[in-house]
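S.K.: Sequence first, then the predicted structure:
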2 protein chains.
Amino acid sequence: MLKKVEILSVGTELLMGQIANTNAQFISQHLPEVGLGVYYHSVVGDNPERLTKCLQYALSRSDVIITTGGLGPTQDDLTKEVIARTLGLEMIQDEESANHIRQYFKNTGKVMSENNLRQAFFPAGSTIIDNVQGTAPGCIIEHEGKVIILLPGPPKELIPMFNRHILPFFQKRCDSPLTSKFLRVVGIGESMVEKKLLSLVDKQTNPTLATYAKDGIVSIRVTAHDEGKIPASLLVSDMCGKIVSILGDSVYTDNDEELENTVLKLLIANNLTFSCAESCTGGMLAEKLTAIPGSSKVFKCAAVTYMTESKTEMLGVNPEIIEKFGVVSKETALEMVTGMIKTAKTDVAISITGFAGPQFADEPVGKVCIGVCTPDCTTVKEFKFSGSRDRIRTLSVVYALDMLRRALLHLDIPN
Amino acid sequence: MLKKVEILSVGTELLMGQIANTNAQFISQHLPEVGLGVYYHSVVGDNPERLTKCLQYALSRSDVIITTGGLGPTQDDLTKEVIARTLGLEMIQDEESANHIRQYFKNTGKVMSENNLRQAFFPAGSTIIDNVQGTAPGCIIEHEGKVIILLPGPPKELIPMFNRHILPFFQKRCDSPLTSKFLRVVGIGESMVEKKLLSLVDKQTNPTLATYAKDGIVSIRVTAHDEGKIPASLLVSDMCGKIVSILGDSVYTDNDEELENTVLKLLIANNLTFSCAESCTGGMLAEKLTAIPGSSKVFKCAAVTYMTESKTEMLGVNPEIIEKFGVVSKETALEMVTGMIKTAKTDVAISITGFAGPQFADEPVGKVCIGVCTPDCTTVKEFKFSGSRDRIRTLSVVYALDMLRRALLHLDIPN
């Protein structure tokens, strides 16, 4: 049975860091849909000896090998030849592919060199896969119980070939497809999430759980295959229910979406216009929300009041409040958020003021005060973040969005 | 001698396609600067048996192994333990790292679980590398002629550790060190840059030139080694001079810095306060400038006037101008930038208004109008960008910054 997949990418441009290996990412995202697991990615340069060894090693540990790159017309492109030699197969010209290549050059008016016809040669017994976006066809080789698939390097060519030919090829043979759901959690660190879920993780092999943390958000992947008559989707949704019952309203989505998308949807659903007053985050909150198509339905405006006097000039913050409590204080955040509501004439507003660092004088770096105002409530909260300037700014935006999410859903805002 | 490098990335999230392996790309870009070649990338999941085998194979074919990921506090994170076992080394707690982790939790007020202290254990004999961005330190192990380097997975943590510790570590041992300089070019596409530099590229093996394009900026890396008695640095600076004589004032730095840094330095040097009025970019320009420490010296405020009426409410834009010429027009951009100067009482301002897409009604997606106002001049320009919403927003910010750079340096603004 085919189970373990290895993606073997061939190309010196990957080893020079000119491009990231997005082909491996793309293929990896989609193979679980047809019951296959990607166990390894490998990258090797355009060098026949090293490619041969990588291929032999891949054959020794994987059932399916998908190569990307090295199918072009140049001297560098040697994936097919190396694979044929390694498997002991002859190279045979495919007349249809040769005609297709000749036709391509005729149509584009470009001059064809004889090298281009190398692209019409394939290891004997290959199933050839058309390339509608370029001249290098791919192929599928079934050999001694293994499947070896050769795809071209340019994503524009690889993606349609993969979708049209490779996925259906495996779909036909798949007997246990995987189903995944991604929950996302805000306000709890990764190790605390794992601790809380330990009882679930320990007992489980189907579904499996995996966590991944980034910028104050923890993603939890829940993956299952069918078990007897119980479909994978039921196992996954059952597990998601258990997780939510443990983590509660810190789980903001079961649809793998960014927190700003969740908040924007809430604003749109409630038909509430939004504005924000930012200081230390310098426009990052506004930028994140307006990055989403359709944000113009509810996003009215933002004031980045970076210098102290601009808080008074743009938002009408009382300078005596700033003088008395400081520019980073709950009192100033409150003045900013109520000032923004008045100035911008919006339904909902957020204010953020804080010290993002690096250290200057005796500023308490990481102290951030956030205000949220909705038609139902006004609330301010003080945070203490740590890390770099960028991290403090990013966490400020994440926690501000979460405060607004909770206010809109009438949830408690935890201390 | 150390020559062949393998980057071994550990993380199921890579094999599931949740993220692309940008760490391998980043590391690969920079190792040639210290005379090392990257021969292989490998990716394996959070599985001790498979990781052990990958590590053994890497040790058999490479001189330097750099692992990324698997250094966190959770059960999944097992890179250090597997490496210690494979090399036959004990795991020893580093007291300084343990204190650092305790301090981190004390500062942030979060609850530390005992798991977090796993991050303070290292294979015996390791050189520990501080992680200023997180709690998981890295380490360098020198073992039987091989060098094994463990770095954390999050790029925000990996990148500064690599730059501050790993590059200098290899720099010291490199016997034919390479010297590099990075020029950056704005306003000319990559293929045009390559075409203009063709005569320089063709003749050269020392220095070598490589270009890399991202978000409207082309970076040119000029790399040389000593040639007889001529030091590499002289060869590099000579070549940089030739490049600048060809590309002219489109080269905005020979110091590999972001365009916003160049512009911020100009503002600080001229003691000019800055504000901006953004529409389609939604705060991206303000965010980029305020991301730089020290920006508070000159950055006063920003107005993100996203809805049409907020352009009038916040900046005093004449609604008749918007009615007559459209919200995306040179006339509106001019009103926005002069309005911003008055409202914010600053010396210098930028305005950006445009259609970033996706397509809505018959809006001309990609049309962006930018205004710049300095004490010496006021100028507006219309652009036609193409690509995704994100790309159009990013290019708008880049070209706005370049217009301001040129205005401050009294350079021509090209058509």
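M.R.: Nice, thanks for sending it over.
S.K.: Tell me the pLDDT of the residue of chain A positioned farthest from its centre.
M.R.: In terms of distance from the mean C-alpha position of chain A, A:Glu320 ranks first, at 45.6 Å (C-alpha atoms, centre = their mean). On pLDDT, A:Glu320 comes in at 97.
S.K.: Let me know whether A:Thr305 touches A:Ile322 as I believe.
M.R.: No - the criterion here is C-beta atoms under 8 Å, and A:Thr305 misses it with A:Ile322 at 11.0 Å. (C-beta placed from N, C-alpha, C; glycine too.)
S.K.: the more surrounded of these two?
M.R.: A:Thr305 (28 against 21; other C-beta atoms under 10 Å in any protein chain shown).
S.K.: Identify the residue spatially nearest to the residue nearest the centre of chain A, adjacent ones excluded.
M.R.: The residue lying closest to the centre of chain A (C-alpha atoms, centre = their mean) is A:Asp256, at 9.0 Å. The spatial neighbour of A:Asp256 that comes closest, neighbours along the chain excluded (C-beta to C-beta, 6 or more residues apart in numbering or on different chains), is A:Phe182 at 3.6 Å.
S.K.: Spit out the residues that contact A:Thr305 and A:Ile322 alike.
M.R.: Shared contacts of A:Thr305 and A:Ile322, defined by C-beta atoms under 8 Å, 6 or more residues apart in numbering or on different chains, comprise A:Lys311.
S.K.: Run through the strands of the stretch 151-300 of chain A in chain order.
M.R.: If DSSP state E, counting those that start in this stretch is used as the criterion, the strands of the stretch 151-300 of chain A fall at A:178-186, A:208-214, A:217-225, A:251-253, A:274-278, A:299-305.
S.K.: Ok, the stretch 1-150 of chain A next?
M.R.: Going by DSSP E, counting those that start in this stretch, the stretch 1-150 of chain A shows strands at A:4-10, A:37-44, A:64-68, A:91-93, A:121-123, A:127-129, A:138-143, A:146-151.
S.K.: any idea which of those strands is most buried?
M.R.: Mean neighbour count (mean count of other C-beta atoms under 10 Å in any protein chain shown) peaks for strand A:64-68 among these, with a mean of 26.
S.K.: Run through who's touching that one.
M.R.: By C-beta under 8 Å, 6+ apart, strand A:64-68 touches A:2, A:4-11, A:23-24, A:27, A:36, A:55, A:58-59, A:79, A:83, A:146-153, A:158, A:166.
S.K.: Restricting to C-alpha, output that strand in PDB.
M.R.: Extracted in PDB, the C-alpha atoms of strand A:64-68 (Å, rounded to 0.1, in the frame of the first residue of the first chain):
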ATOM      1  CA  VAL A  64       6.000   7.600  -3.400                       C
ATOM      2  CA  ILE A  65       8.600  10.100  -4.700                       C
ATOM      3  CA  ILE A  66       7.500  13.300  -6.300                       C
ATOM      4  CA  THR A  67      10.300  15.200  -7.900                       C
ATOM      5  CA  THR A  68      10.000  18.900  -8.900                       C
END
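S.K.: Pull up the pairing partners for that strand, direction included.
M.R.: According to DSSP bridges, strand A:64-68 forms sheet pairs with strand A:4-10 (parallel), strand A:146-151 (parallel).
S.K.: so that strand versus strand A:37-44, what angle?
M.R.: Computed by axes from the mean of the first three to the mean of the last three C-alpha atoms, to 10 degrees, the angle separating strand A:64-68 from strand A:37-44 equals 40 degrees.
S.K.: Strand A:64-68 versus strand A:138-143: what angle between them?
M.R.: Using the same axes, to 10 degrees: strand A:64-68 against strand A:138-143 is 150 degrees.
S.K.: Give me the distance from strand A:64-68 to the chain's centre.
M.R.: How far strand A:64-68 lies from its chain's middle: 23 Å, per C-alpha atoms, centre = their mean, to the nearest Å.
S.K.: Same question for stretch A:35-45.
M.R.: Between the mean C-alpha location of stretch A:35-45 and the chain-wide mean there is a distance of 18 Å, by C-alpha atoms, centre = their mean.
S.K.: Can I get that stretch as PDB, trimmed to CA atoms?
M.R.: What follows is stretch A:35-45, C-alpha atoms only, in PDB (Å, rounded to 0.1, in the frame of the first residue of the first chain):
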ATOM      1  CA  GLY A  35      -4.800   9.600   2.100                       C
ATOM      2  CA  LEU A  36      -1.100  10.100   1.700                       C
ATOM      3  CA  GLY A  37       1.300  11.500   4.300                       C
ATOM      4  CA  VAL A  38       4.400  13.500   3.400                       C
ATOM      5  CA  TYR A  39       7.200  12.200   5.400                       C
ATOM      6  CA  TYR A  40      10.200  14.000   3.900                       C
ATOM      7  CA  HIS A  41      11.200  17.000   1.800                       C
ATOM      8  CA  SER A  42      14.600  16.900   0.200                       C
ATOM      9  CA  VAL A  43      16.400  19.400  -1.900                       C
ATOM     10  CA  VAL A  44      19.500  18.700  -4.100                       C
ATOM     11  CA  GLY A  45      21.300  20.700  -6.700                       C
END
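S.K.: Just the buried positions in the helix ranked longest in chain A, please.
M.R.: When chain A is parsed with DSSP state H, its longest helix is helix A:389-408. Within helix A:389-408, the residues scored as buried using 16 or more other C-beta atoms under 10 Å in any protein chain shown are A:389, A:391-408.
S.K.: does any part of it sit near chain B?
M.R.: Yes - for helix A:389-408 and chain B, the contact criterion (C-beta under 8 Å from any C-beta of the partner chain) is met by A:Arg389, A:Asp390, A:Arg391, A:Arg393.
S.K.: nearest to A:Val337, of those?
M.R.: Using C-beta to C-beta, the shortest approach to A:Val337 within those belongs to A:Arg393, at 18.1 Å.
S.K.: That closest one touches B:Lys288, doesn't it?
M.R.: No - A:Arg393 lies out of contact with B:Lys288 (C-beta under 8 Å); the separation is 11.8 Å.
S.K.: overlap in contacts of those two?
M.R.: Contact with both A:Arg393 and B:Lys288 is made by no residue, according to C-beta under 8 Å, 6+ apart.
S.K.: any idea how far A:Leu151 is from A:Ile166?
M.R.: Taking C-beta to C-beta, to the nearest Å as the criterion, A:Ile166 is separated from A:Leu151 by 7 Å.
S.K.: Mind listing the shared neighbours of those two?
M.R.: By C-beta under 8 Å, 6+ apart, the residues touching both A:Ile166 and A:Leu151 are A:Ile66, A:Ile129.
S.K.: Residue of the stretch 51-200 of chain A closest to chain B, please.
M.R.: Using C-beta to the nearest C-beta, the single residue of the stretch 51-200 of chain A nearest to chain B is A:Ser191, 4.5 Å away.
S.K.: Can you give me the distance of the nearest residue in space to that residue that is not next to it in sequence to A:Gly316?
M.R.: Nearest residue to A:Ser191 in three dimensions, chain neighbours excluded: B:Pro73, at 4.5 Å (C-beta to C-beta, 6+ apart). B:Pro73 sits 46 Å away from A:Gly316, going by C-beta to C-beta.
S.K.: which of those two has more neighbours?
M.R.: Between B:Pro73 and A:Gly316, counted using other C-beta under 10 Å, the more crowded position is B:Pro73 (23 against 14).
S.K.: got the phi/psi numbers for that one?
M.R.: In terms of degrees, to the nearest 10, the main-chain angles of B:Pro73 are phi -90, psi 0.
S.K.: one step back: model confidence for the residue nearest to A:Ser191, exactly?
M.R.: Looking at B:Pro73, its pLDDT stands at 81.
S.K.: my read: it touches B:Gln119, true?
M.R.: Yes - B:Pro73 is within contact range of B:Gln119, at 5.6 Å (criterion: C-beta under 8 Å).
S.K.: shared neighbours of those two, which are they?
M.R.: Going by C-beta under 8 Å, 6+ apart, residues that sit against B:Pro73 and also against B:Gln119 are B:Thr135, B:Ala136.
S.K.: so which helix or strand takes in the closest residue to A:Thr308 other than its chain neighbours?
M.R.: Once flanking residues are discounted, A:Thr308 sits nearest to A:Val327: 5.4 Å by C-beta to C-beta, 6+ apart. For A:Val327, there is no host helix or strand (DSSP states H and E).
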